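Asker: what would the 3D arrangement of this be:
(one chain, ligands or ions: 1)
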Amino acid sequence: MVRHSSRIELSQSSLTNNINFIRKKIGGNARISSVVKANAYGHGTHEFVKMAEKAGVDHFATASAFEAQEVLEAKNGKTRVMVMGILYDEDIDWAIKNDVEFFVFNYDRLEVTLKRAKALGKKAHVHIEVETGANRTGMHASEFPKTLTFLKKNKEHVEFTGLCTHFGGAESFSNQFKINMQHDRYKEFLKQCKKKSFMPQIRHIACSAAALAFKDTVYDMVRIGVAQYGFWPSPDIYYSHLQETGARTSNGALKRLFTWKTDVMDLRSVDEGEFIGYGTSYQATHNMKVAVLPLGYSNGYPRGQSNRGHVLIKGKKAPIVGLINMNLFMVDVSHISDVHVGEEVVLVGRQKSNTINISSFTQITQLINNEMLSRLPSAIPRKIVK
Ligand SMILES: *Cc1c(COP(=O)(O)O)cnc(C)c1O
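Answerer: Residues are numbered from 1 along each chain as shown. Model (predicted):
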């Protein structure tokens, strides 16, 4: 097999650390559903599912049936998979056959599901997602009474696996009033279930931010995305954790899993006054030594980093010179002695005593962490390391 132009290493010990921290934070009784949409936030679904299972995770959530299929291919026997978003009518049979749980946010979907479950002679597992104020997906309150009646009547075929909602912006304290309102509305739905003596098996509303900062949003399960990958959802959530613990730092409570590496492809001398790469965006101010790297914006390295930002070589910062090309970019290594072709280059992550965080890209390119991560091509090979 020929080699790819870059590679991503994922740290098992960091993930185990993160999962254990989240478990401690949410208390013993709540289950973690690991959110692995967008190729596990760019980390690589196949590898990430195996790592998370090693850390004790037995429930995964995806945005689409297509993503759930990838989890099915990687997971162990008893691990559950839940589709939170798009599932076409044509794929309901596939979901039922594979015990894939799915969100239902309108009544019509229930009738189709019942028909298919009966035809297959196998139970469907549905989570009713209710509208509480995010106005994205979510069943309107007016459809809920007949939904409960339907589920109670047809429980042999369609299981009321979950009752859930999603907060629109739990990571910002300025949204607190909205989050409280959403939670109150969710409780109204729960009340209706109690009144009908027909409860869901799993109540779940919390994402990372809510699970970490608002204990009362932790019910039977939490849906954890960004935090398991080692990112605090926001400064608000980070500092509320410090306030709670009384410590000055979080002491490695959440650790990044992710190191993105490549190698020096070529080295060249560039004379003072020469231009580097396309156009005239970078002119050598002195006689320079420049390293050529074998990836560019088509490989997920943001073009906005052109003439800004740096990579790490031999633990030292090598500034980007010129434009990020489709498949190449150049860095200045004049100040780093003994660089060879094939030398390891760190694009994101740690090398010796220096670190490049995803957030440094964010500052330069205006991409948010999740956006930058989720755009990393799935073709880049992922490797699990200790
Ligand atoms: C993405 C997503 C989550 C996870 O959110 P994080 O903030 O990354 O923890 C939870 N629930 C739903 C419905 C989502 O779409």
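Asker: hey, where'd the helices end up in the stretch 201-350 of the chain?
Answerer: Ranges of helices in the stretch 201-350 of the chain, per DSSP state H, counting those that start in this stretch, are 208-213, 235-245.
Asker: quick check: which of those helices is nearest to E371?
Answerer: helix 208-213 (16.2 Å; C-beta to C-beta). C-betas here are computed from N, CA, C, even on glycine.
Asker: between the two ends of stretch 292-303, how far is it?
Answerer: Using C-alpha to C-alpha, to the nearest Å, the end-to-end distance of stretch 292-303 comes to 16 Å.
Asker: for that stretch, list every residue counted as buried.
Answerer: Within stretch 292-303, the residues that count as buried by 16 or more other C-beta atoms under 10 Å are 292-297, 299-302.
Asker: returning to that earlier point: make TSV out of the helices of the stretch 201-350 of the chain and add distance to the ligand, mean neighbour count and mean pLDDT.
Answerer: Formatted as TSV, the helices of the stretch 201-350 of the chain follow (distance: least, C-beta to the nearest ligand atom, whole Å; neighbours: other C-beta atoms under 10 Å; pLDDT from 0 to 100):
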stretch	distance to the ligand	mean neighbour count	mean pLDDT
helix 208-213	3	26	97
helix 235-245	10	15	95
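Asker: export those as JSON lines, with columns for distance to A65.
Answerer: As requested, the helices of the stretch 201-350 of the chain are exported to JSON lines (distance: least, C-beta to C-beta, whole Å):
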{"stretch": "helix 208-213", "distance to A65": "24"}
{"stretch": "helix 235-245", "distance to A65": "31"}
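Asker: how about the lowest-mean-pLDDT helix or strand in the chain: buried residues?
Answerer: Within the chain, no helix or strand scores below helix 358-365, which has a mean of 84 by mean pLDDT, DSSP states H and E. Going by neighbour count (16+ other C-beta under 10 Å), the buried part of helix 358-365 is 358, 361-362, 365.
Asker: what sits closest to the residue nearest the centre of the chain if chain neighbours are left out?
Answerer: The residue lying closest to the centre of the chain (C-alpha atoms, centre = their mean) is Y41, at 3.1 Å. Once flanking residues are discounted, Y41 sits nearest to L373: 4.9 Å by C-beta to C-beta, 6 or more residues apart in numbering.
Asker: any idea whether the one you found is helix, strand or coil?
Answerer: helix (DSSP: H, G, I helix; E, B strand; the rest coil).
Asker: tell me how far it lies from D99.
Answerer: According to C-beta to C-beta, to the nearest Å, L373 and D99 sit 29 Å apart.
Asker: more neighbours: these two, which one.
Answerer: L373 (23 against 14; other C-beta atoms under 10 Å).
Asker: pLDDT at that one, what is it?
Answerer: At L373, the model reports a pLDDT of 92.
Asker: near the ligand, which residues of this protein are found?
Answerer: Remark: the part of the chain in contact with the ligand comprises 35, 37, 84, 166, 207-209, 223-227, 233, using C-beta under 6 Å from any ligand atom.
Asker: distance to I8 added to those residues, as JSON lines?
Answerer: Formatted as JSON lines, the residues of the chain next to the ligand follow (distance: C-beta to C-beta, whole Å):
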{"residue": "V35", "distance to I8": "19"}
{"residue": "K37", "distance to I8": "18"}
{"residue": "M84", "distance to I8": "25"}
{"residue": "H166", "distance to I8": "28"}
{"residue": "C207", "distance to I8": "24"}
{"residue": "S208", "distance to I8": "21"}
{"residue": "A209", "distance to I8": "25"}
{"residue": "R223", "distance to I8": "24"}
{"residue": "I224", "distance to I8": "21"}
{"residue": "G225", "distance to I8": "18"}
{"residue": "V226", "distance to I8": "17"}
{"residue": "A227", "distance to I8": "19"}
{"residue": "P233", "distance to I8": "22"}
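Asker: out of those residues, who's nearest R3?
Answerer: Nearest to R3 among these: K37, at 28.6 Å, using C-beta to C-beta.
Asker: burial count for that closest one?
Answerer: 20.
Asker: give the contact list for the nearest residue to it once chain neighbours are set aside.
Answerer: Spatially, and ignoring its direct neighbours in sequence, K37 is nearest to A63 (3.8 Å; C-beta to C-beta, 6+ apart). By C-beta atoms under 8 Å, 6 or more residues apart in numbering, the contact set of A63 is 37-38, 83-86.
Asker: what do you get for V385?
Answerer: 9-12.
Asker: tell me which two of these sit farthest apart.
Answerer: E9 and Q12 (10.2 Å).
Asker: list residues touching both of the two?
Answerer: By C-beta under 8 Å, 6+ apart, the residues touching both E9 and Q12 are 384-385.
Asker: taking the stretch 101-250 of the chain, what residue is nearest to the ligand?
Answerer: The ligand sits closest to G225 of the stretch 101-250 of the chain, with a gap of 2.3 Å, by C-beta to the nearest ligand atom.
Asker: burial of the closest residue to that residue other than its chain neighbours, as a residue count?
Answerer: Closest residue to G225 apart from its sequence neighbours, by C-beta to C-beta, 6+ apart: V35 at 3.6 Å. Summarising burial for V35: neighbours were counted as other C-beta under 10 Å, giving 24.
Asker: isn't V35 right up against R223?
Answerer: Yes - using C-beta atoms under 8 Å, V35 is in contact with R223, at 5.4 Å.
Asker: so what sits against both of those two?
Answerer: 61, 84, 207.
Asker: output those residues as JSON lines; include the columns neighbour count and distance to A119.
Answerer: As requested, these are exported to JSON lines (neighbours: other C-beta atoms under 10 Å; distance: C-beta to C-beta, whole Å):
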{"residue": "A61", "neighbour count": "27", "distance to A119": "27"}
{"residue": "M84", "neighbour count": "24", "distance to A119": "25"}
{"residue": "C207", "neighbour count": "22", "distance to A119": "35"}
